[in-house]
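**Q** I'll drop the sequence and a predicted model, then ask my questions.
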Amino acid sequence: MKQENTNKKGPASLEGERELLTVVVPVFNEVETIDVFYTRMKKVLDSLSPMSYELIFVDDGSRDGSFAKLTSLADHDTRVRVAKLSRNFGHQNAVTAGVDTVRGDAVVIIDADLQDPPEVIPSMIRKWREGYDVVYGVREHREGEKWMKLYTAALFYRIMKKITKVEIPVDVGDFRLMSRRVVDKFKQIRERDRFIRGLVSWVGFRQTGVMYTREKRYAGETKYPFGKMIKFSLDGITSFSHAPLKIATWLGYGVSLIALLYTMIIIVEKFMGMTVPGFASIMAGMLFLGGVQLICLGIMGEYIGRIFNETKGRPIYVLEEIYEKTPTTDETRIRNSDGPPTQGSLGDSSSVPSAPDEACR
């Protein structure tokens, strides 16, 4: 007899316990935005009472004082925890680090730049209560972005929809809510070149979207310049489709067919006594074939490089410490990734274990 999962939403489904919402916020050089983000987020989360919440900021190797700002928030709010990575590992890996430390029955992923408004979260909570395991934000409008980025982003999502077998929704970023069981499955996926919005779609379960307007960045510069966007696109395509390899194969077939037809034309012309000087055509053909070969090698190289990354078995990120205030005392708990929490005041180096950090897999 089929058994129904009665613990779908996590520990809080047990009688007498309050539901816990965890908000994961990756941060990289966002010192100008943190205070405003926290103020808006806290107002939204307080409105969800009696639901309790925690905020996990993941400092992804910031160099502008973001970590000091975040620890200051944690000093004044015991619901704030700060995970510090040992260096900049990238947005997708920072999100993974945050999700790996969550305690909540539902988890929201949101960036600190305020382009994704925290005020959308209550709508996501309502959908979650209706039984959906994933509620993602669908960008109905995008303010303050150049037409080139809008066009390329729209094109990328639609290409992904065509070439992948996984149903990845279009015009959707990483801003989403996930139920506990989705988080537990997501944490089992440890591939290195991560495309989180695709991985969450791959996990499955009931998913739906809520429409919202993506706002202009509050302050600072985008952390996804053109070069990073290209790499991110390649990660998404190569992680969820082998269509580029098929394209390379069919391109090879096509070039071979053209070469065969051209050979037949040359033979016919030879029998007809037509001799045409062919230096230009030979060079053009050689350059064309050389270009096709390099393109095919490049496509194969992208996949081989990702296989190489997986076989090395390196961790997705390295966690330097987790900074949090204990709720019952004024003491600060600073946890290194290789041991239990230690107690001490902020700035007391003796509170940090001297043993080397372990890599979090």
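**A** Sure thing, it's come through.
**Q** Are there helices or strands packed against the longest helix belonging to the chain, and which ones?
**A** For the chain, the helix reaching the highest residue count under DSSP state H is reported as helix 279-312. Applying 3 or more Cβ pairs under 8 Å, 6 or more residues apart in numbering; DSSP states H and E, we find helix 279-312 packed against helix 226-240, helix 243-271. C-beta: built from backbone N, CA, C; applies to glycine.
**Q** Worst mean pLDDT among these?
**A** Mean pLDDT per stretch puts helix 226-240 lowest among those, at a mean of 65.
**Q** Check which element follows the longest helix of the chain along the chain.
**A** strand 319-325 (DSSP states H and E).
**Q** Would you give the sheet partners of that following strand, along with the direction of each?
**A** Strands that pair with strand 319-325, judged by DSSP bridges, come out as strand 80-85 (antiparallel), strand 332-336 (antiparallel).
**Q** Lowest average confidence across those strands, which one?
**A** strand 332-336 has the lowest average pLDDT among the strands paired with strand 319-325, namely a mean of 61.
**Q** Domains in this protein, by residue range?
**A** Annotated domains of the chain cover 11-240, 243-312 [automatic domain parsing].
**Q** Quick one: the strands in the stretch 101-250 of the chain, in order.
**A** 106-109, 134-142, 172-179, 207-214 (DSSP state E, counting those that start in this stretch).
**Q** highest average neighbour count across the ones you listed?
**A** Ranked by mean neighbour count, these are led by strand 106-109 with a mean of 26 (mean count of other Cβ atoms under 10 Å).
**Q** Now do it: which elements does it pack against?
**A** Going by 3+ Cβ pairs under 8 Å, 6+ apart, strand 106-109 lies up against strand 20-27, helix 91-100, helix 121-129, strand 172-179, helix 180-186.
**Q** Out of those, which is the most enclosed?
**A** strand 20-27 (a mean of 25).
**Q** what lines up beside the strand or helix carrying Ile56 in the sheet?
**A** Per DSSP H and E, Ile56 falls inside strand 52-59. Strand 52-59 has these partner strands in its sheet, going by DSSP bridges: strand 20-27 (parallel), strand 80-85 (parallel).
**Q** Reformat those into TSV and put distance to Asp64 next to each item.
**A** Shown next, in TSV, are the strands paired with strand 52-59 (distance: least, Cβ to Cβ, whole Å):
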stretch	distance to Asp64
strand 20-27	10
strand 80-85	14
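**Q** Looking at those, spot the one closest to Thr71.
**A** strand 80-85 (5.7 Å; Cβ to Cβ).
**Q** Just the CA coordinates for that closest one, please, in PDB.
**A** Presented in PDB, the C-alpha positions along strand 80-85 are these (Å, rounded to 0.1, in the frame of the first residue of the first chain):
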ATOM      1  CA  VAL A  80      20.900  36.300  11.700                       C
ATOM      2  CA  ARG A  81      23.700  33.900  10.900                       C
ATOM      3  CA  VAL A  82      26.700  34.700   8.700                       C
ATOM      4  CA  ALA A  83      28.600  32.000   6.800                       C
ATOM      5  CA  LYS A  84      32.000  33.200   5.600                       C
ATOM      6  CA  LEU A  85      33.600  31.400   2.700                       C
END
